[in-house]
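A.B. asks: Sharing a model prediction with you, sequence too.
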2 protein chains.
Amino acid sequence: MIDTEFIDRLFAGDVRTIARAITQVENGSTSAAELMKAVFPKTGRAMIIGITGAPGAGKSSLVDKLALHYKEIGLRVGIICIDPSSPFSGGAILGDRIRMSTLGLDKNIFIRSMATRGNLGGLSRATVDAVAILDAAGFDKVIVETVGVGQDEVEIVKAADVSVVVLVPGMGDDIQAIKAGIMEIGDVFVINKADREGVLRTQKELEALLSLAHRPDMWNPPIVKTIATENKGVEELAAAIDKYVGYAARAYGEEISDRKASIAKWRLLELLSERLLSDLLNANGTDAKLESLAAEVAAKRIDPYSAVEEILAKNHS
Amino acid sequence: MIDTEFIDRLFAGDVRTIARAITQVENGSTSAAELMKAVFPKTGRAMIIGITGAPGAGKSSLVDKLALHYKEIGLRVGIICIDPSSPFSGGAILGDRIRMSTLGLDKNIFIRSMATRGNLGGLSRATVDAVAILDAAGFDKVIVETVGVGQDEVEIVKAADVSVVVLVPGMGDDIQAIKAGIMEIGDVFVINKADREGVLRTQKELEALLSLAHRPDMWNPPIVKTIATENKGVEELAAAIDKYVGYAARAYGEEISDRKASIAKWRLLELLSERLLSDLLNANGTDAKLESLAAEVAAKRIDPYSAVEEILAKNHS
């Protein structure tokens, strides 16, 4: 049974309760499913902002300044940072503490890093759950910040209401490396560190790439120049974000529910995949079987495909 | 039944057969499992080199130059590029063609991009299978090049014999963004574009970060400076890679088989997860059920966790 007092404190925006709830979904405990069932009906009010870009683009500073801007105009902001660092390094937690002291810890700003845990999947599911928790806890804006441009990151950013891609000048001839995939998901582009050399060149290259991208809508993604460390361009970024979200709400209608259904399908597949695997692993003896077969595969006595068939056959009999 | 002629041509290193085999594992067709069972016993001879780093670090040029170096000394090189771009953009295929013309298409260099296909998982599994195919086809070095530093990328790079992390000068105060996770998986570090300003600073920051990292072995990761576009530092990089692989072979003994077993376990879990989900989706009516429940979730008439339970209940009855 779910603790109704816990849920009440969560909906009231209590920081410690929010943190505990996110830990539950991170651990994928059985109580997490009950929790999420209670959380779900309260979601759908926050604006979800995905922010992605290469390491070194200054995303964290930019997110912090954007959050402070929202706070100043009286909004509550939740931040989820997806961090591919090792769970052993403690880097994520240290980073949170440093950023918390910049942001000023109060009821109006919540920040949490979610690290990969070295096991399969689960990160995207846990992230989406954490966003829903912050939404239900009454935050007006929920920012999901990802380091890197991997597959999971793209999926997570796609599930946001608006996606911001952060670049820096001097990516020069390598801007092509950002590739069409990222170009296609960006609703708003930022050139951060705009006091550096090469801003104009980066802007021109970006414009050229954007003119080639095929967006399903007629939106022309704006390019905002910022210097996050000096708090320059942050209001312009907030305005560009609002403008896109307003545009999408007006322009889509039918299509927005198609998009929501495809995001929902992706979530269901993630959840199904995790449940199927955990049900299998929790079955009697599967774990030991898996360990011994992994050793056999490592010793090249059996191939992985035959090993998987053996595990599944055992389980079906 | 598997076509023995096909397998023979694959083991003989026939380029078109290799390309077709990789397409099979990408598509996850049923023949792929049979293929991989045949391939597996022939694997384990190639050196697997993982190369990762941020977009714009010049990884592609560096990989090309490293491959050309290996080719010059009489080795055969396979390259797999993991590319998070959209399957619709065609960017990956275009990129391959451009690089093929640089590398010179012959039996001794093979290059293939593998893009995410917008569906769940499968990328890591398909990549590891593709590496095994190149290994079995007799390539001496197999280079896995990843854009970005997402979770999947980290897993794939961990499965290599040696991991190379590529940085560029001028990441300045943001080198922290690379985070401890990437620091811990790098066996060799490269500062590419070493003719740019800020090399010394980047090197000092990297050294400071490396001195904090806790490696389970006593290896002190070297930092190699390269200018890939001018072919500078490439031989030094090749030497550093060989040195680490030699060190690991001598130093580990027991531990290296532990490491291989944990990689094998990760592979088995990936395969299991994919098999369980595809078995479920192929069951009668599941797909229609999934579509209709996704629409219900999008309309907020049911929460995702209850929807998943409904799908599983239907399937177990």
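C.D. replies: Great, that's in hand.

A.B. asks: going forward, measure contacts and count neighbours with C-alpha atoms only.
C.D. replies: Will do.

A.B. asks: give the contact list for the residue nearest to A:K232 when sequence neighbours are not counted.
C.D. replies: The shortest distance from A:K232 to any non-neighbouring residue, by C-alpha to C-alpha, 6 or more residues apart in numbering or on different chains, is to A:T226 (5.4 Å). By C-alpha atoms under 8 Å, 6 or more residues apart in numbering or on different chains, the contact set of A:T226 is A:190-194, A:232-234.

A.B. asks: and with 10 Å instead?
C.D. replies: Residues in contact with A:T226 (C-alpha atoms under 10 Å, 6 or more residues apart in numbering or on different chains) are A:62, A:166, A:168, A:190-195, A:232-237.

A.B. asks: How confident was the prediction at it?
C.D. replies: For A:T226, the model assigns a pLDDT of 97.

A.B. asks: Can you pull the phi/psi pair for it?
C.D. replies: phi -130, psi 160 (degrees, to the nearest 10).

A.B. asks: returning to that earlier point: among the contacts of A:T226, name the buried ones.
C.D. replies: Buried by 16 or more other C-alpha atoms under 10 Å in any protein chain shown: A:62, A:166, A:168, A:190-194, A:232-234, A:237, out of the contacts of A:T226.

A.B. asks: Among these, find me the one that's closest to chain B.
C.D. replies: A:V168 (10.2 Å; C-alpha to the nearest C-alpha).

A.B. asks: Could you list the low-confidence segments of the stretch 151-300 of chain A?
C.D. replies: Along the stretch 151-300 of chain A, segments meeting pLDDT under 70 span A:151-154, A:171-184, A:213-214, A:216, A:253-256.

A.B. asks: which residues in it form strands?
C.D. replies: A:162-167, A:188-191, A:223-225 (DSSP state E, counting those that start in this stretch).

A.B. asks: quick one, which of the ones you listed is nearest to chain B?
C.D. replies: Nearest to chain B, of all the strands of the stretch 151-300 of chain A, is strand A:162-167, at 10.2 Å by C-alpha to the nearest C-alpha.

A.B. asks: neighbouring strands for the closest one, and are they parallel or not?
C.D. replies: strand A:47-53 (parallel), strand A:188-191 (parallel) (DSSP bridges).

A.B. asks: related to what we said a few turns ago, next one: the residue nearest to A:K232 from chain B, what distance?
C.D. replies: Distance from A:T226 to chain B, counting by C-alpha to the nearest C-alpha, to the nearest Å: 16 Å.

A.B. asks: again with A:S292
C.D. replies: A:S292 sits at a distance of 9 Å from chain B (criterion: C-alpha to the nearest C-alpha).

A.B. asks: Then A:I311?
C.D. replies: 9 Å.

A.B. asks: residue contacts, that residue?
C.D. replies: Contacts of A:I311 (C-alpha under 10 Å, 6+ apart): A:280-281, A:285-287, A:289-290, A:293, B:268, B:272.

A.B. asks: Kindly state the domain boundaries assigned to chain A.
C.D. replies: Taking automatic domain parsing as the domain assignment, the ranges for chain A are A:44-253, A:283-316.

A.B. asks: Nearest to B:R259, out of those domains?
C.D. replies: Closest approach to B:R259 among the domains of chain A (C-alpha to C-alpha): domain A:283-316, 8.9 Å.

A.B. asks: before we move on, back to that, could you point out which of the strands paired with strand A:162-167 sits nearest A:L134?
C.D. replies: The closest of those to A:L134 is strand A:47-53. By C-alpha to C-alpha, the value is 10.0 Å.

A.B. asks: which other helices and strands contact the following helix or strand past that closest one?
C.D. replies: Going down the chain from strand A:47-53, the next helix or strand is helix A:59-72, by DSSP states H and E. The contact analysis (3 or more C-alpha pairs under 10 Å, 6 or more residues apart in numbering or on different chains; DSSP states H and E) places helix A:59-72 against strand A:47-53, strand A:77-83, helix A:91-103, strand A:109-115, strand A:141-146, strand A:162-167, helix A:234-252.

A.B. asks: Distance to A:A298 added to the ones you listed, as JSON lines?
C.D. replies: Below are the helices and strands packed on helix A:59-72 laid out as JSON lines (distance: least, C-alpha to C-alpha, whole Å):
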{"stretch": "strand A:47-53", "distance to A:A298": "37"}
{"stretch": "strand A:77-83", "distance to A:A298": "30"}
{"stretch": "helix A:91-103", "distance to A:A298": "31"}
{"stretch": "strand A:109-115", "distance to A:A298": "28"}
{"stretch": "strand A:141-146", "distance to A:A298": "34"}
{"stretch": "strand A:162-167", "distance to A:A298": "41"}
{"stretch": "helix A:234-252", "distance to A:A298": "50"}
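
A.B. asks: Just tell me which of the ones you listed ends up closest to A:F6.
C.D. replies: Across the helices and strands packed on helix A:59-72, A:F6 has its closest neighbour in strand A:109-115 (17.9 Å, C-alpha to C-alpha).

A.B. asks: Need the CA coordinates for that closest one. CSV is fine.
C.D. replies: What follows is strand A:109-115, C-alpha atoms only, in CSV (Å, rounded to 0.1, in the frame of the first residue of the first chain):
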residue,chain,number,x,y,z
ILE,A,109,14.5,25.3,-7.1
PHE,A,110,15.1,21.6,-7.0
ILE,A,111,18.1,19.9,-8.6
ARG,A,112,19.0,16.3,-8.9
SER,A,113,21.6,14.3,-11.0
MET,A,114,20.7,10.9,-12.2
ALA,A,115,23.7,8.7,-13.0
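
A.B. asks: So what angle separates the directions of it and strand A:141-146?
C.D. replies: Following axes from the mean of the first three to the mean of the last three C-alpha atoms, to 10 degrees, one obtains 30 degrees for the angle between strand A:109-115 and strand A:141-146.
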